[in-house]
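Visitor: Predicted structure and sequence below. I'll ask about it afterward.
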Amino acid sequence: MEQLKPRILIAKPGLDGHDRGAKVVARALRDAGMEVIYTGLRQTPEMVVEAALHEDADAIGLSILSGAHMPLVKRIMALLQENQMQDVPLFLGGIVPNDDIKELNELGVSGIFGPGASMDEIVAFIWEAVGNRPAGDVA
């Protein structure tokens, strides 16, 4: 059976202007056979969720290095809920203090990848999160 090509939205919410990591992850996901939509820098939570909705994203990856991960994730999760998109896995990369990981998971973040996470680990996580659904399968 033919596999669906998962659509992964990579976003840089907030004022953080460092996007090298997001671009590296986007390329690794693309090289692993996924379709990647990169929103660019300085996205609002509303812009991220609107793009995910418009692009029919199978998962959303956020890159946050600014320390604003808690309010940004809370707002994005609320917007996903409002748009009946709570089934879209949200994963996070960047600088996340260990003390925040439990709360982020409780908010619904599916995966958190800090500095030093391997691309193989991130790619495997995404394939697991979106599944290897045959084309035509509706999840």
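Guide: Ah, there it is.
Visitor: Give me the below-cutoff pLDDT ranges for the protein.
Guide: 1-3, 132-139 (pLDDT under 70).
Visitor: which residues touch the closest residue to residue 129 other than its chain neighbours?
Guide: In space, and not counting its chain neighbours, residue 129 is closest to residue 89: 4.1 Å by Cβ to Cβ, 6 or more residues apart in numbering. Quick note: C-beta positions are derived from backbone N, CA and C, even for glycine. Shown in contact with residue 89 (Cβ atoms under 8 Å, 6 or more residues apart in numbering): 58, 59, 60, 110, 111, 129, 130.
Visitor: Tell me which residues of the lengthiest helix in the chain come out buried.
Guide: In the chain, assigned by DSSP state H, the helix with the most residues is helix 69-82. Buried residues in helix 69-82, defined by neighbour count with 16 or more other Cβ atoms under 10 Å: 69, 72, 73, 75, 76, 77, 79, 80.
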